[in-house]
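Colleague: Give me a model of this one.
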Amino acid sequence: MLSLAALVADPDLELRVVVPGRDGALAEQVLWVHNTELPDPAPYVREREVVLTNGLWLDRTGPADFVERVVRAGAAGIIFGLRVEQRDTPAALAEACRKAALPLLEISIAVPFTAVTRAAAAIQARGRQNALMSLVRRGDELTSALSRGDGASGVLAVLRREHELPLVVVDRMGRELAAAGAELDAGQLRVAAEALAGHPPPLEAELGAGTRAALFLVGAIGDADAVLLCLRPAAELTQGERDALEQTARYLSLEVARHQAVQAIEMRFAVELLDMVLSGAQRVAEVPGRLRAFGVDPDGPLTVLALAFAGDDDTATLPGMAEAVTDFLLADGLPAVVAAGSRDVVAVLPWRSGTQSPAAFAPRLAAAVSHRFGGGRVVVGLADPVSGAAELRTPLSRSREACRVLRGRRGGPVAASFAELGSYRLLLESHDEQWWHTFAEALLGPLREHDRARDGDLETTLRAFLDHDGQWAATAAALFVHVNTLRNRLAKVTELTGRDVGRTADRVDLFLALEAASMSTD
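Modeller: Down below sits the predicted model:
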């Protein structure tokens, strides 16, 4: 690296330090050397350049003014060349540099300025050569780490052998993929993920607790997939450290891409497993092999659970939710097949008597997923265990139905089984999907035809009325209509269906029809 200290270390230049400047100034990087005799060099000197001068400007301006202009230009220092007419560095110049904390060097009469520029060029050439060699050597080591399957941790280890930097790799879901010499808590990981989601992401982020980190994007083709954090302010990093971090981030992109490809394959296989289960006898023979591929014993007791965020269908699941469930289950020592859909995330896992049941850890699972995504109510639908893979269809459908019902409730437990949600569900479950459709269409068909023809809201109004336990005022408020409008709509429901919402028996029929309609469309 070109610096004043590197130039002083060259004996052929015969340089003497007159004023060292502030602490460490001589060792700081220098951009280049600039020869000038102008009384005001500021317009022509670049920041971090060194001014070479014989002092021919001394008869036109004072040393203090000259130094002030050099400082204004952001120069790294002054090298004063002695000459026959000026055999000593002017004391006033030295004093001005001392007051400005600007390095001042002196070069003897025998050494021309061209020697300084040649020496500077040689130092920079050696620096570029060393940087290139480091780049090639580091690239070979990073390639070897990836080819050995060392993963992101192995990549960071290569960088740490060269630079003792505190490093963490975080993906856009706030998960720590690897760390070396540093540790972040859950809140700091979340802040890092939020910074990564910026457009464009910042070059530096405040992670809290006094921790500031420089950010180097990983997989940044379009949106970045992850970020390499160096827990130091960017201004404190040397050029060599920044170059090494940027190169490492590029290699991490390969590892993250590989990891994502594996996850995508696993997710596709997991979704296909659910299709096999729901296909019944057509593909039941394929299920055991698929379970074994995920480390799940198909011949032992199995159970199924389904998770989703409470609320509307647009926010039922989020990207990365399946990975969060997998991380939780693996941390509890439970292999599982986890599949993500638009309505829920489903996990098929082994169940052993004497171990913690899904009902016991389901609230912890819901809390962990909620925390991972910054809040929001997560509900878990459970199913009774079955003896093997051939019987998975019933617990799969029941856990998903339980999850669907829990999502629509404004309170209550975050986890429940199908049997705990009401006897009417057992009644509906005793029939097949075609029966649900036929039953629902018989009652709701006229309402839907009316709504389609007149852009009406009869079915929505009926559902809201039953959801609010037949309370007129509460239903009208929820629909933002007058109570008289609500009465008129429900009178039309009675006319079209032959069921009076004021009678308990008729309400039961309408409620079951709505539930059957929901089950047949899920």
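
Colleague: Any stretches of this structure with poor pLDDT?
Modeller: The model of the chain has pLDDT under 70 over residues 131, 135, 220-224, 312-314, 353-356, 421-437, 439, 518-522.

Colleague: okay, which residue is most central for it?
Modeller: Within the chain, the residue whose C-alpha comes closest to the C-alpha centroid is R172; the distance, by Cα atoms, centre = their mean, is 1.2 Å.

Colleague: Let me know the helix or strand that L329 is in.
Modeller: Element membership for L329, per DSSP states H and E: helix 321-331.

Colleague: Output that helix as PDB, nothing but the C-alphas.
Modeller: The C-alpha coordinates for helix 321-331 follow below in PDB (Å, rounded to 0.1, in the frame of the first residue of the first chain):
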ATOM      1  CA  MET A 321     -42.600 -20.400   7.000                       C
ATOM      2  CA  ALA A 322     -42.000 -24.000   6.100                       C
ATOM      3  CA  GLU A 323     -38.200 -23.600   6.900                       C
ATOM      4  CA  ALA A 324     -39.100 -22.000  10.300                       C
ATOM      5  CA  VAL A 325     -41.300 -25.100  11.100                       C
ATOM      6  CA  THR A 326     -38.500 -27.400  10.000                       C
ATOM      7  CA  ASP A 327     -35.900 -25.600  12.100                       C
ATOM      8  CA  PHE A 328     -38.100 -25.900  15.200                       C
ATOM      9  CA  LEU A 329     -38.800 -29.600  14.700                       C
ATOM     10  CA  LEU A 330     -35.200 -30.500  14.000                       C
ATOM     11  CA  ALA A 331     -34.200 -28.500  17.200                       C
END
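
Colleague: just to revisit the earlier point, from G198, how far out is the residue nearest to the centre of the chain?
Modeller: 11 Å (Cβ to Cβ, to the nearest Å). Where you see a C-beta, it was placed from the backbone N, CA and C, and this is true even at glycine.

Colleague: same thing with D40?
Modeller: For D40 relative to G198 (Cβ to Cβ), the value is 42 Å.

Colleague: Which one's more surrounded, the two?
Modeller: D40 (18 against 11; other Cβ atoms under 10 Å).

Colleague: The closest residue to that one other than its chain neighbours: neighbour count?
Modeller: Ranked by Cβ to Cβ, 6 or more residues apart in numbering and with sequence neighbours excluded, the top spatial neighbour of D40 is R69, at 5.0 Å. Number of residues near R69 (other Cβ under 10 Å) recorded here: 19.

Colleague: Can you classify R69 as helix, strand or coil?
Modeller: Using DSSP: H, G, I helix; E, B strand; the rest coil, the structure places R69 in helix.

Colleague: how much distance is there from stretch 246-258 to the middle of the chain?
Modeller: 15 Å (Cα atoms, centre = their mean, to the nearest Å).

Colleague: In it, which residues are buried?
Modeller: The neighbour-count check on stretch 246-258 (16 or more other Cβ atoms under 10 Å) flags 247-253, 255-256 as buried.

Colleague: okay, those in CSV with distance to D344 and secondary structure next?
Modeller: CSV is the format used below for these (distance: Cβ to Cβ, whole Å; DSSP: H, G, I helix; E, B strand; the rest coil):
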residue, distance to D344, secondary structure
Q247, 42, helix
T248, 38, helix
A249, 35, helix
R250, 37, helix
Y251, 37, helix
L252, 32, helix
S253, 32, helix
E255, 30, helix
V256, 27, helix
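
Colleague: Would you point out the most distant pair within these?
Modeller: Q247 and V256 (15.1 Å; Cβ to Cβ).

Colleague: what about the nearest residue to R489 once chain neighbours are set aside, distance to R507?
Modeller: Spatial nearest neighbour of R489, chain neighbours left out: T461 (4.6 Å); criterion: Cβ to Cβ, 6+ apart. According to Cβ to Cβ, T461 stands 14 Å off from R507.

Colleague: what do you get for P112?
Modeller: Taken as Cβ to Cβ, the span from P112 to R507 is 104 Å.

Colleague: how far is stretch 325-333 from where the chain is centred?
Modeller: Relative to its parent chain, stretch 325-333 has a centroid offset of 19 Å by Cα atoms, centre = their mean.

Colleague: contacts for that stretch?
Modeller: Residues outside stretch 325-333 that contact it (Cβ atoms under 8 Å, 6 or more residues apart in numbering) are 175, 307, 335-336, 338, 345, 347, 349, 356, 361, 364-365, 368-369.

Colleague: so who does D457 touch?
Modeller: 451, 479, 489.

Colleague: L318: which of those residues is nearest?
Modeller: L479 (29.0 Å).

Colleague: and the closest one, what is it in contact with?
Modeller: 457, 460-461, 464, 486.
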